[in-house]
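**Student:** the sequence and its predicted three-dimensional model are supplied below.
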Amino acid sequence: MCVNFFALYCSCCVVEINQEFELEHLQNRVCDILTCVCCLWLLGCGNSSLAVDLYNDGYENIVNMDYSPVVISNMQKRHKAVCNIEWVVMDAMDMSAFPPSSFDVVLEKGTLDALLVAEKDPWKLSSEAEAMVDIILRQVIKLISC
């Protein structure tokens, strides 16, 4: 069984899910939050179908961000017919291109896991890893509308 770390950040809570990730489980855990979403941001979207799955379920105004120009280009081509989904190349360490309070909800499914893969113990981070996570999460907090 594949175990993923998933987090949803919004102005009212943080939800963490530690289990095999499926859209139905996300909807069951945070349905009340996602129903009022105006703008949803997928931090580190990769080549996941999550944005399109959410769109097909009625969620709109979705912004996908990943550091890989190849991934973003491929996803733009693959989903060019889908409206209201934006694909952005950006590094999670510098998200200053977005103005404060740009998003109602931020979804992060594996970005922090990928960035912390070299850590010996995910519960006892090195000072460098702690600083990196702090930078990313402080930016996320600024980008969530209150």
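**Tutor:** Looks like it came in fine. Numbering: from 1, shown residues only.

**Student:** helix, strand or coil for Val88?
**Tutor:** strand (DSSP: H, G, I helix; E, B strand; the rest coil).

**Student:** and it, bridged to which residues?
**Tutor:** With DSSP bridges as the criterion, Val88 is bridged to Met65.

**Student:** now do it, the pLDDT please.
**Tutor:** Per-residue pLDDT puts Val88 at 96.

**Student:** just Leu116 next, same as before
**Tutor:** Leu116 is given a pLDDT of 84.

**Student:** how about it: what's its closest non-neighbour residue?
**Tutor:** Closest residue to Leu116 apart from its sequence neighbours, by C-beta to C-beta, 6 or more residues apart in numbering: Ala129 at 5.7 Å. Bear in mind the C-beta positions are built from the backbone N, C-alpha and C, glycine included.

**Student:** need the longest helix for this protein.
**Tutor:** Ranked by residue count and defined by DSSP state H, the top helix of the chain is helix 127-143.

**Student:** which residues touch it?
**Tutor:** For helix 127-143, the external contacting residues (C-beta atoms under 8 Å, 6 or more residues apart in numbering) are 9, 41, 43, 92-96, 98, 100-103, 106, 108, 111-112, 115-116, 119, 125.

**Student:** got the CA coordinates for it in CSV?
**Tutor:** The C-alpha trace of helix 127-143 is given here as CSV (Å, rounded to 0.1, in the frame of the first residue of the first chain):
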residue,chain,number,x,y,z
SER,A,127,17.8,22.7,10.9
GLU,A,128,18.1,23.2,7.1
ALA,A,129,15.0,21.2,6.4
GLU,A,130,13.1,23.0,9.2
ALA,A,131,14.1,26.3,7.7
MET,A,132,12.9,25.2,4.2
VAL,A,133,9.5,24.0,5.6
ASP,A,134,9.1,27.2,7.5
ILE,A,135,9.7,29.3,4.4
ILE,A,136,7.2,27.3,2.4
LEU,A,137,4.5,27.2,5.0
ARG,A,138,4.8,31.0,5.8
GLN,A,139,4.3,31.7,2.1
VAL,A,140,1.2,29.4,2.1
ILE,A,141,-0.2,31.2,5.1
LYS,A,142,0.2,34.6,3.3
LEU,A,143,-1.5,33.3,0.2
